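J.: Just need the structure, nothing else, for what follows:
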Amino acid sequence: MVSLRRMSQPQLADLPLGARVLAIRLSALGDIVFALPALAALKEARPDLRVDWLVEDRFAAVLEFHPLIEEVLIFPRKGWRNGSGLRTMWQHLLKLRRQRDYALVLDFQSNLKSALQLLFVRTKQRVGFAAPLAREGAERFHQVHAEVPERAHRSARDAALLSAVGWRGTLQQKLRWPLPAEICASVSNAAAGFTLLHTAVTAYGKDKEWPAERWAELARALVAAGHQPRLLWIPSEKAAAEAIVKAAGMGVELAPATPTINHLMVLTDAARCLIGTDSGPVHLAAYRGTKVVALFGPTDPQIYAPPGVQVRIVYPGTPGEAPPPRDRSKRSPWMERISVADVLQQIAAG
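T.: Modelled structure (predicted):
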């Protein structure tokens, strides 16, 4: 059960029937996923509320068919970066100003980029994080601030915005919503029960990289254990994935193409298991209920591990130990400490 405690500041219980609420989490994929349990908690507490979500264009698809979201508002990051930035951004901000009034805005982003949006959103109640979690002065744009303990899990951190306006309850840590039949058909020819490997990292997260030769060794071991390893890829990562497939040998293939995030969700829904480093696809798959084995090295699993009984974490530190400060420019020594045997042990754990 959820209780709504009345306090002197704005409360969920006091919002008008059918009031409109705006959630702001622009990026990145994993951070959006971490905020989704707070969305579910909000709707559980007040099913009558109508929730819109402001998100970057490159991640909008993950929210497109979400049953708890009324409207997805798009922040045009691509337009900002392609040379027509000022004009595109001004048009976007004016469109925000012309949107409906919101009874409450939840700023899960709480940085300069979201603060800019808040200047144009019509609302009198903005809830965000207190500094230093709020960055670049964003806290000055909030009427209500959430205090968050050090090393709090990201889902609990995001739920603190609801707690700041009276929510008390338990987070629902996974939800799988239906996707269009034509997208589901995109993986209909894939073998049933395959195991996905997400081997790529971003340039910004180079320290999360696990050696390619270990991915190949893991894939061979999975084949020997009766799995059907399939490597996730996008066009920019395809050559590296193909190299691992070639090194691994028979029984290892590329996964079907995933041209959109919705295709990715359909593919991970169909998988027996997804194995990968701390990344957006891993968090999204775990939230939708797929078994996940996540490799953590430079990032703290106490803060970032995907919740769920079907999630297994491989971490070279001791339980509760924080990793050393990150150097994003090169592979972390803590990733080197993760062996293929460590990963196989967690795969076999159930």
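J.: ok, so what distance separates A240 from I234?
T.: Distance, A240 to I234, by Cβ to Cβ, to the nearest Å: 11 Å. (Each C-beta comes from the backbone N, C-alpha and C, glycine too.)
J.: Those two: which is more packed in?
T.: Taking other Cβ atoms under 10 Å, A240 and I234 do not tie; A240 has more neighbours (15 against 12).
J.: Give the buried residues for stretch 168-176.
T.: Neighbour counts using 16 or more other Cβ atoms under 10 Å place 169, 171, 173-174 of stretch 168-176 among the buried residues.
J.: any idea whether the residue nearest the centre of the chain is helix, strand or coil?
T.: Residue closest to the average C-alpha location in the chain (Cα atoms, centre = their mean): G30, at 2.1 Å. At G30 the chain is in helix, as set by DSSP: H, G, I helix; E, B strand; the rest coil.
J.: same check, this time on P323
T.: P323 - assigned by three-state DSSP - is coil.
J.: so how far is H198 from it?
T.: The value you get for P323 to H198, if Cβ to Cβ is used, is 20 Å.
J.: all helices of the stretch 101-250 of the chain, in order?
T.: 112-118, 154-163, 181-184, 212-224, 238-248 (DSSP state H, counting those that start in this stretch).
J.: ok so, going back, of the buried residues of stretch 168-176, which is the nearest to R135?
T.: In terms of Cβ to Cβ, no member of the buried residues of stretch 168-176 lies closer to R135 than L171, at 24.0 Å.
J.: Low-confidence ranges, the protein, go.
T.: By pLDDT under 70, the weakly predicted segments of the chain are 1-8, 79-84, 188-192.
J.: Is P281 in contact with L264, as I believe?
T.: Yes. With contacts counted by Cβ atoms under 8 Å, P281 reaches L264, the gap being 6.1 Å.
J.: Which residues are in contact with each of these two?
T.: L232 (Cβ atoms under 8 Å, 6 or more residues apart in numbering).
J.: Find residues that contact each of A240 and I234.
T.: A200.
J.: list the contacts for V127?
T.: Here V127 is in contact with 10, 104-107, 142-146, 161, 164-165 (Cβ under 8 Å, 6+ apart).
J.: Just the ones in strands from the residues you listed, please.
T.: Mapping these onto strands (DSSP state E) picks out 104-107, 144-146.
J.: quick revisit: deepest-packed of the helices of the stretch 101-250 of the chain, please.
T.: Neighbour counts (mean count of other Cβ atoms under 10 Å) averaged over each of these peak at helix 154-163, with a mean of 22.
J.: out of the ones in strands among the contacts of V127, who's nearest P37?
T.: So of the ones in strands among the contacts of V127, ranked by how close each gets to P37 (Cβ to Cβ), first place is L106, at 12.8 Å.
J.: so what's the closest one up against?
T.: Neighbour list for L106: 21-24, 38, 42, 127-128, 161-162 [criterion: Cβ under 8 Å, 6+ apart].
J.: Which one (most neighbours) among those residues?
T.: G128 (29 neighbours).
J.: wait, that residue sits on S110?
T.: Yes. Counting by Cβ under 8 Å, G128 touches S110, with 4.4 Å between them.
J.: what residues are shared contacts of those two?
T.: Counting by Cβ under 8 Å, 6+ apart, the residues touching both G128 and S110 are 134, 138-139, 142.
J.: how is this protein carved up into domains?
T.: Here the domain assignment for the chain is 3-168, 181-347, based on automatic domain parsing.
J.: Please identify the helix or strand for V21.
T.: Using DSSP states H and E, V21 sits within strand 20-24.
J.: partners of that strand in the sheet?
T.: strand 50-56 (parallel), strand 104-107 (parallel) (DSSP bridges).
J.: To V223, which of those lies closest?
T.: Closest to V223 of these is strand 50-56 (Cβ to Cβ; 38.0 Å).
J.: Show me the contact partners of the next helix or strand after that closest one.
T.: Per DSSP H and E, the first helix or strand lying C-terminal to strand 50-56 is strand 71-75. For strand 71-75, contacts defined as Cβ under 8 Å, 6+ apart pick out 22, 26, 52-57, 60, 63-64, 92, 96, 99, 117.
J.: wait, doesn't V144 sit right on T123?
T.: No. Between V144 and T123 there is no contact under Cβ under 8 Å: 11.6 Å.
J.: Find residues that contact each of these two.
T.: By Cβ under 8 Å, 6+ apart, no residue touches both V144 and T123.
J.: For the stretch 251-350 of the chain, just list every one of the strands.
T.: 253-254, 273-277, 292-295, 311-314 (DSSP state E, counting those that start in this stretch).
J.: so what's L179 up against?
T.: Applying Cβ under 8 Å, 6+ apart, the residues contacting L179 are 65, 262, 265-266, 269.
J.: hmm, which of those are the buried ones?
T.: Buried, going by 16+ other Cβ under 10 Å: 262, 265-266, 269, out of those.
J.: which among the residues you listed gets closest to Q228?
T.: D269 (15.9 Å).
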